[in-house]
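Visitor: sharing a model that was predicted from the sequence below.
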Amino acid sequence: MEIHNYNNMGSLDKKSLELVWKAYNDNTNGLEEIFEIGFNTNTGYVYIALECGIQIASCFGQSVDYIVTDYEDGEEFFFDSYEEADNKLIRLNEAV
């Protein structure tokens with residue numbers, strides 16, 4: 001799988017990549033389908049976007065954030081745990 005903008009990553013960004021991979025494996029056991037992996041040069045986030053709608057992201061080698069986007073209005077919600085993000089995703093899907 002290609003990692004978007006990998007060549008633009010610095011050493012801290014590669015540390016972030018390590019952190020998001022670990023968080024992915026720890027929280028999904030590698031069973032959740034990956035939509036995309038990359039580095040956002042505008043925000044500095046390294047991310048794994050999952051098919052389920054959760055993004056696992058880290059910036060500058062810091063702890064990971066779990067991000068859920070409300071596609072109705074574009075609002076992004078940041079969580080400290082995968083479980084919190086998953087619960088928010090469930091609530092958003094119930095509202096549709």
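Guide: Ah, there it is. Quick caveat: nothing in here was measured; it's all calculated off a predicted structure. Numbering: from 1, shown residues only.

Visitor: okay, and the most centrally placed residue in the chain sits in which element?
Guide: What sits nearest the mean C-alpha location of the chain, by Cα atoms, centre = their mean, is Ile56, with 1.9 Å. For Ile56, the enclosing helix or strand under DSSP states H and E is strand 54-59.

Visitor: hang on, the earlier thing: pLDDT score for the residue nearest to the centre of the chain?
Guide: At Ile56, the pLDDT value in this model is 98.

Visitor: next one: Asp26
Guide: 97.

Visitor: what strand or helix carries it?
Guide: Per DSSP H and E: helix 11-28 holds Asp26.

Visitor: buried ones in that helix?
Guide: Judged by neighbour count using 16 or more other Cβ atoms under 10 Å, the buried positions of helix 11-28 are 13, 16-17, 19-21, 23-24, 27-28. All C-beta atoms are positioned from the backbone trio N, CA, C, and that covers glycine.

Visitor: that helix packs against which elements?
Guide: With contacts taken as 3 or more Cβ pairs under 8 Å, 6 or more residues apart in numbering; DSSP states H and E, helix 11-28 sits against strand 34-39, strand 45-50, strand 54-59, helix 82-95.

Visitor: redo the ones you listed as TSV? Include distance to Asn5.
Guide: Compiled in TSV, the helices and strands packed on helix 11-28 are given as follows (distance: least, Cβ to Cβ, whole Å):
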stretch	distance to Asn5
strand 34-39	4
strand 45-50	9
strand 54-59	14
helix 82-95	23
